[in-house]
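**Student:** okay, structure incoming, though there's no sequence with it:
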């Protein structure tokens, strides 16, 4: 798994680079926490399918 992804940031208003800050395995799959490199907005993804971003 990579340490960075490109994702829309609702606080910055555009596509930004997010860095992986944590990951763990749950019964639902791999849970990863990502943080925007520009504004520190954080989001959580589970198995790449469930996304906490607005």
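**Tutor:** Received the coordinates, thanks. Predicted, not measured: the structure shown is a model, and the values here were computed from it. Numbers count the residues shown, from 1 in each chain.

**Student:** okay, now the unreliable bits of this protein?
**Tutor:** 1, 50, 53-54 (pLDDT under 70).

**Student:** could you list every residue that touches residue 30?
**Tutor:** Contacts were defined as CB atoms under 8 Å, 6 or more residues apart in numbering; by that measure residue 30 touches 1, 23, 24, 46, 47, 48. Quick note: C-beta positions are derived from backbone N, CA and C, even for glycine.

**Student:** farthest pair in those?
**Tutor:** The most widely separated members of the contacts of residue 30, counting by CB to CB, are 24 and 48 (14.4 Å).

**Student:** more neighbours, these two?
**Tutor:** Shown here are residue 24 and residue 48; by other CB atoms under 10 Å, residue 48 has more neighbours (11 against 8).

**Student:** who are the contact partners of the more buried one?
**Tutor:** residue 30.

**Student:** relative to residue 8, how far out is it?
**Tutor:** In this view, residue 48 and residue 8 are 15 Å apart by CB to CB, to the nearest Å.

**Student:** and the longest strand seen in the chain, what does it pack against?
**Tutor:** For the chain, the strand with the greatest residue count under DSSP state E is strand 14-26. Other elements packing on strand 14-26 under the criterion 3 or more CB pairs under 8 Å, 6 or more residues apart in numbering; DSSP states H and E are strand 4-9, strand 29-36, strand 42-46.

**Student:** reformat those strands as CSV; add distance to residue 16.
**Tutor:** CSV is the format used below for the helices and strands packed on strand 14-26 (distance: least, CB to CB, whole Å):
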stretch, distance to residue 16
strand 4-9, 4
strand 29-36, 5
strand 42-46, 11
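
**Student:** to residue 18, which of those lies closest?
**Tutor:** The nearest among the helices and strands packed on strand 14-26, by CB to CB, is strand 29-36 at 3.9 Å.

**Student:** how about the nearest residue to the residue most central in space within the chain, chain neighbours excluded?
**Tutor:** Computing the C-alpha centroid of the chain and ranking residues by CA atoms, centre = their mean puts residue 34 first, at 3.2 Å. Counting by CB to CB, 6 or more residues apart in numbering, residue 34 lies nearest to residue 18, which is 3.9 Å off, once chain neighbours are set aside.

**Student:** right, I'll leave it there.
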